[in-house]
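*Asks:* no sequence on this one, just coordinates:
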């Protein structure tokens with residue numbers, strides 16, 4: 001089953017019951033992949049694919065978004081040069097019109113200053129992603145559907161990740177009495 005239905009269901013309501021889900025087409029298993037907003041931003045900047053219409057940023061929304069991303073990158077320990085390169089690349093590819101050099105400098109200095117004011121979980125952190133999906137995961141698991149969580153952050157080697165994920169999938173195929181009901185892969 002494509003990921004779309006599971007994410008659509010997750011966003012449709014806060015809680016699903018097993019009875020409600022059993023009336024829908026159900027997957028054999030769900031694999032939830034989480035990633036930090038900073039890693040997601042960095043991967044989107046560095047990919048070859050041109051930006052989609054949803055990634056193009058205009059006006060004040062752009063400034064707030066880029067400041068938030070710069071702040072998040074600073075929080076992860078990236079140095080100023082790395083942050084500048086990522087923000088400038090995003091600005092060139094996705095800002096309409098692009099910010100000038102002075103605006104980028106101002107945005108970066110504000111992000112580094114605000115790094116010290118960091119509080120709480122970020123809006124789309126892996127922890128928040130897991131918390132938002134928890135009710136749906138519990139309902140799926142109540143129906144006997146395996147839910148595997150994969151944390152794909154910190155530049156995990158994709159070959160290693162695929163191998164570990166394949167192992168988790170094979171483990172989930174064992175008879176229910178010999179396996180865990182929910183699996184997490186770090």
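*Replies:* Cool, the structure landed. Values in this document were obtained by computation on a predicted structure and should not be read as measured data.
*Asks:* quick one: the strands in the chain?
*Replies:* With strands called from DSSP state E, the chain shows them at 29-34, 57-58, 95-96, 146-151, 182-185.
*Asks:* Pipe these into CSV and attach mean pLDDT per row.
*Replies:* Converted to CSV, these look like this (pLDDT from 0 to 100):
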stretch, mean pLDDT
strand 29-34, 80
strand 57-58, 83
strand 95-96, 86
strand 146-151, 82
strand 182-185, 52
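*Asks:* Which among the ones you listed is found nearest to residue 163?
*Replies:* Checking the strands of the chain against residue 163 by C-beta to C-beta gives strand 182-185 as the closest, at 10.6 Å. C-beta: built from backbone N, CA, C; applies to glycine.
*Asks:* Could you dump the strands of the chain into TSV with distance to residue 49 added?
*Replies:* Formatted as TSV, those follow (distance: least, C-beta to C-beta, whole Å):
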stretch	distance to residue 49
strand 29-34	18
strand 57-58	17
strand 95-96	17
strand 146-151	22
strand 182-185	26
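*Asks:* and among these, the most buried is which?
*Replies:* strand 146-151 (a mean of 20; mean count of other C-beta atoms under 10 Å).
*Asks:* Can you check what angle separates it from strand 29-34?
*Replies:* 20 degrees (axes from the mean of the first three to the mean of the last three C-alpha atoms, to 10 degrees).
*Asks:* Okay, now the sheet partners of strand 146-151, with direction.
*Replies:* strand 29-34 (parallel), strand 182-185 (parallel) (DSSP bridges).
*Asks:* What ranges in this protein fall below the confidence cut-off?
*Replies:* 1-8, 10-11, 112-124, 153-161, 173-186 (pLDDT under 70).
*Asks:* Got the domain ranges for it?
*Replies:* 3-36+125-185, 38-117 (automatic domain parsing).
*Asks:* which residue is nearest the middle of the chain?
*Replies:* residue 35 (3.9 Å; C-alpha atoms, centre = their mean).
*Asks:* For that residue, list the residues it contacts.
*Replies:* Counting by C-beta atoms under 8 Å, 6 or more residues apart in numbering, residue 35 makes contact with 43, 126, 151-153.
*Asks:* May I ask which of those residues has the most neighbours?
*Replies:* Using other C-beta atoms under 10 Å as the neighbour test, these are led by residue 126, with 20 neighbours.
*Asks:* and it, how far is that from residue 90?
*Replies:* Going from residue 126 to residue 90 by C-beta to C-beta, to the nearest Å gives 21 Å.
*Asks:* ditto for residue 72
*Replies:* 13 Å.
*Asks:* Now for these two: what residues contact both?
*Replies:* Counting by C-beta under 8 Å, 6+ apart, the residues touching both residue 72 and residue 90 are residue 41.
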